[in-house]
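Peer 1: next one to model:
(2 chains)
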Amino acid sequence: MLSFIGRSVIQKTITLFFVSIVSFLIIHLAPGKPSQVNPMNPKFTPEILERFQKEFHLDKPLYVQYLYFYRGLFTGQTVSWKDNQSVFSKIWGRFLNSLPLFIVGTLITWTLSFPVGIRSAIYRGGIYDRTTTFLSYLLISIPGFFFAYVLIIFVVNHFHVPVIGMETFGIANSSIPHMIMDRIWHLLLPSVLGATGGIAILSRYVRSQMLEVEGQDYIRTAKAKGLPPDQVHYKHAFRNALLPFVTMFGLILPGLIGGSVIIETIFSWPGMGRMAYDAILARDYPVILTVNFVSAVLVLAGTFVSDLLYLVVDPRIRL
Amino acid sequence: MTVKRFFIFAPILLIIVLLQSYFWEPTYEEQTKGNPARLTEYITGSIGDASLLNPVIASDSASGDINGLVFEGLIDYNKDLRFRGRVAKSWEISEQAFFYVNPSARIPEWGIVDAASLATRIKHAQKSPIPSDPNLTASLKRITNISVIPPRTYTVEKSIKKSGGGQPKTIRFQVTAPARIKLVLNQVDQHLFQNLAHLLGKNYFESFRGRNYLTCDARLTAKQWAAFAKELIPATEHNPILLFHLRPGVKFQDGYPVSAEDVKFTYEAIMNPKNLSPLLSVYEPVKTIEVIDPLTVKIVYKRLYSPALSTWGIGILPKHLLDSQALKKEAAALGKDQKTFSIRQSAFNRHPVGCGPFKFQTWKSDQYIILDRFHDYWEGPPNYHQYVYRIIPDPLTQEMEFYAGTLDSYNVEPHQVMRLEKDPRFQHFSGTSFGYTYIGYNERRKPFDDPRVRRALGMAIDINKIIKYVLYGQGERITGPFVKQTDYYDHKIKPLPYDPQGALKLLAAAGWKRNKSGRLEKNGRPLEFTLITNNGNELRKAVLAIAQDAWKQIGIDIHTDILEWSVFIQERINKLDFDAVVLGWGMDIQPDLFQIWHSSQTHPYQLNFVGFKNKRADELIIKIRQEYNHARQVELCHKLHALIADLQPYTFLYVSKWTAVLDKRIVIKTVDASGAVQYKKITPTKTGNYRYYFNQWVKLPQAPQFMDKG
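Peer 2: Here you go, the predicted structure:
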């Protein structure tokens, strides 16, 4: 066990190192320059461009820039080129904004997918199964932004309540329960929208996993023993069907930092995705690279956690 | 089964918790109508967030919006787009001019004279007018003082760049300057030396060799010598002077009075290389800035450069919050290196203090910026108590918020104009923007070197149809490179007609004839080229397709290409590797066209990428930037406009129109001297600016009824 952890940490550090190099190269070799070095602005003379290049170390060879950047990152000195704010404090602020959206979205996805998927597996081929299959494919194929617009227009026109932003604009001086409920209301639409695709896909997974397990011999045995159907489904079958989802749980960790550009833009949510997207458009290298690095760390941590979870839940696996 | 029960109740519970929050939610009605404070707020939306709330270092439009309200400059544009005083009460423009006494030049009638007698003789000429030469007489009349600067010897250090890169080298010059005559003029006269040459001899200034008065400790090429001689010891020199008289009693939002020191400090903050100000080049022509007294500041320029006046619209920074002492204190408090800590790092950029009508209150990144009205604003506080700038990146969401009443204005998309203009709930305004779209032709390549071909290409495209169908009518024709609302633009110049037959005739005159298959060719070579534009701009893509179709119809073999923006700029435009291009320019109100149209700007990475070279145009461009008199400037601009319209280096397509809708309850409220309140309908200025009287806007509980007459 300990040796597995040790090996895994070493392997992942090496992977991270290569990820850092590759992501650095991709971003620097991609066409386009930081907006501060934008040559189409007539007010920017070559002297100013040169000065910016120097300030951002863009005049140095790539490997020197790489060292400068990662030294800054590990000492916490990195600042965004756009507004000179510390990159970490920017990311932290946005992370806190995206976190509730992520938590509620994940809760909705996971609590809804399982009952839906299990029921379709149990009543395979019935009307319920076919309806959910149809709905799932419908939800997967509708573009998120379209669905979002339809929902916003519907809610605003029929209920006359604000839906965009993290809180109702101008609500600052109302009571605490009001503020909390207001926040929850504003979470509802974006997190439901964020979850729809997830529910559609995850419930299909649950269904196929359940079906696979339900076909096993020991399930037939259990049924033949005369156990109540609920016990067969939820104790014998479900527990075994659950195994692959444990690994999936580890992999949602990177979603913490990803955020959704489209949902956040439509709902004016000041989240992670929007910040990263703006940074890419402005070629704000420090922000892009830091987000990239943090998400790489989270991906690796996620796989590590799911390995460990697997170990815990499946006694057959020994490392 | 607990598991089963959990699966049923957990989602139900979650959904109930989420949905019940609806009952706590205030409706739009409660927010907008039931809330009297809402009437005192002006809420507007923006696609993007601000980055730096400091006029000296910000360069994005969102920051510009806020900076324009929090900060105030010495001057700004009035409703006719002419200058008016803000922090400055008034200003005077004068000039001092210098020329070196040329010891080798013979002056007609006077022979070779020394400095002192030269000065006396010019003074004498002033008193006895020369009727045969009115220009000279006029120039002499402007001179108010003549003095002699005795010869002097000094050393200067200059740095030169090595051709192969690397550290610049410092070299020392020994200058033995001859005597110099200083002329003080009561107004700027760009033709002064030209006219004086009538008195002093045609070659008096041209035959002066600055090179003879310089020695250097390094070896220099002839070109470098010429450049340094021109810089260190120029035969003639114009130094325009701007004297600003500040308005007494103007205060910053923290109570400190605004003084000339703050103006000087703002300039120094821009010039300080540590601050990396993007405006550096704009203030480069300033020679010195001098505080005469707390309310007077004198700015001397290195050369004639009339757009310089407009640069003093820059928001004035408070010196007491940002000077080196204040920054040192801040750096120490944050534990940062005091040497590298600059205005760029200061927390001021997120908590600005200026002397504009609104005072900064809060900024939540990517959510909103709130400004309060500034009670001690010199012109009286604005009627609105609060200005709120909400960041709503999606246009549709903005529209929904506008209908719901939580935004007071909305910038309408072209396709919505027809519908929203008729909506009785709103008042609407529209105007033309300060920018135009064009097709530019690379004149280095054939056949675009022939103006007839360029004109023919323009005539083959039905531009009115582009405006009608691509822009939904939200655009206007434009014929030249000046802002259409300004006097500089000559409305008498007619746009190119749509005339494919005429185009074919012009092409035939240029040697391009249609062959049997209908294709245009000259000496057996078909007329073939590629039109490119950037990806991501739907309007330009549509123009590209329409031009392609129109040109195909008259027999041109035309290819098109759409490229990603940075590839488009770096690989094609900057490297001058294109035939024809669809692009747009944003324009400044000032008529300075040097960077885009002067022949010296045709190299790679410069903005005259079409390679427009015309001696007459060069001359006019220089004269326009040296002319300080508005009427004369307008006259020169009209000439340049006609010249460019004649040569058609671009096919000028259109300026787009913008339309904004506003809540009908918003009106202008004025209080006259007797205290009587008067409400007026908001009317846009001649130039289309409906927010010109923003500080007097007020929102009434009910939409007012205005009488048409009486």
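Peer 1: from residue A:164, how far off is whatever residue of the stretch 301-450 of chain B ends up closest to chain A?
Peer 2: When you check the stretch 301-450 of chain B against chain A by C-beta to the nearest C-beta, the closest residue turns out to be residue B:366, at 3.6 Å. In short, each C-beta sits where N, CA and C put it, glycine included. Applying C-beta to C-beta, to the nearest Å, the value for residue B:366 to residue A:164 is 12 Å.
Peer 1: would you map the helices across the stretch 101-250 of chain A?
Peer 2: A:127-141, A:144-159, A:176-214, A:217-224, A:229-231, A:238-241, A:243-251 (DSSP state H, counting those that start in this stretch).
Peer 1: which residue is nearest the middle of the chain?
Peer 2: You didn't say which chain, so I picked chain A. residue A:255 (1.9 Å; C-alpha atoms, centre = their mean).
Peer 1: sorry, should have said chain B
Peer 2: Taking C-alpha atoms, centre = their mean as the criterion, residue B:588 is the residue nearest the geometric centre of chain B, at 3.4 Å.
Peer 1: check which helix or strand covers that residue.
Peer 2: Applying DSSP states H and E as the criterion places residue B:588 outside every helix and strand.
Peer 1: who touches it in this structure?
Peer 2: Neighbour list for residue B:588: B:307, B:310, B:434, B:483 [criterion: C-beta atoms under 8 Å, 6 or more residues apart in numbering or on different chains].
Peer 1: with residue B:258 instead?
Peer 2: By C-beta under 8 Å, 6+ apart, the contact list for residue B:258 reads B:87, B:246, B:250-252, B:316, B:318, B:355.
Peer 1: report how many residues lie close to residue B:29.
Peer 2: A total of 13 residues lie near residue B:29 under the criterion other C-beta atoms under 10 Å in any protein chain shown.
Peer 1: verify the contact between it and residue A:160 for me.
Peer 2: Yes. With contact defined as C-beta atoms under 8 Å, residue B:29 and residue A:160 form a contacting pair (6.4 Å).
Peer 1: rewinding a little: got any residues that touch both of residue B:366 and residue A:164?
Peer 2: Common neighbours of residue B:366 and residue A:164 are listed as residue A:268 (criterion: C-beta under 8 Å, 6+ apart).
Peer 1: low-confidence ranges in the stretch 201-319 of chain A?
Peer 2: Applying pLDDT under 70 to the stretch 201-319 of chain A picks out residues A:258-259, A:318-319.
Peer 1: quick one: name the residues of it near chain B.
Peer 2: By C-beta under 8 Å from any C-beta of the partner chain, the residues of the stretch 201-319 of chain A that approach chain B are A:230-231, A:233-235, A:238, A:265-268, A:270, A:274-275, A:278.
Peer 1: need the buried ones from the residues you listed selected in PyMOL.
Peer 2: Here is the PyMOL command that picks out the buried ones among these, judged by 16 or more other C-beta atoms under 10 Å in any protein chain shown:
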select buried, chain A and resi 231+233+234+238+265+266+267+268+270+274+275+278
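Peer 1: show me the shaky parts of chain B.
Peer 2: Low-confidence regions of chain B, defined by pLDDT under 70, span residues B:32-34, B:162-166, B:707-710.
Peer 1: residue contacts, residue B:541?
Peer 2: Neighbours of residue B:541 in contact, by C-beta under 8 Å, 6+ apart: B:533, B:535, B:562.
Peer 1: which is the next helix or strand following the strand or helix carrying it?
Peer 2: Residue B:541 is part of helix B:538-553 when elements are defined by DSSP H and E. Beyond helix B:538-553 in the direction of the C-terminus, DSSP H and E gives the next helix or strand as strand B:557-563.
Peer 1: tell me the residues of the stretch 501-650 of chain B that contact chain A?
Peer 2: Close to chain A, as judged by C-beta under 8 Å from any C-beta, the stretch 501-650 of chain B has residues B:564-567, B:569-570, B:574, B:595-596, B:605, B:607.
Peer 1: between those, which is nearest residue B:56?
Peer 2: Within these, distances to residue B:56 taken as C-beta to C-beta reach their minimum at residue B:595, with 21.7 Å.
Peer 1: residue boundaries of the strands in the stretch 451-600 of chain B?
Peer 2: With DSSP state E, counting those that start in this stretch, the ranges of strands along the stretch 451-600 of chain B come out as B:475-477, B:513-514, B:520-522, B:525-526, B:528-534, B:557-563, B:580-586.
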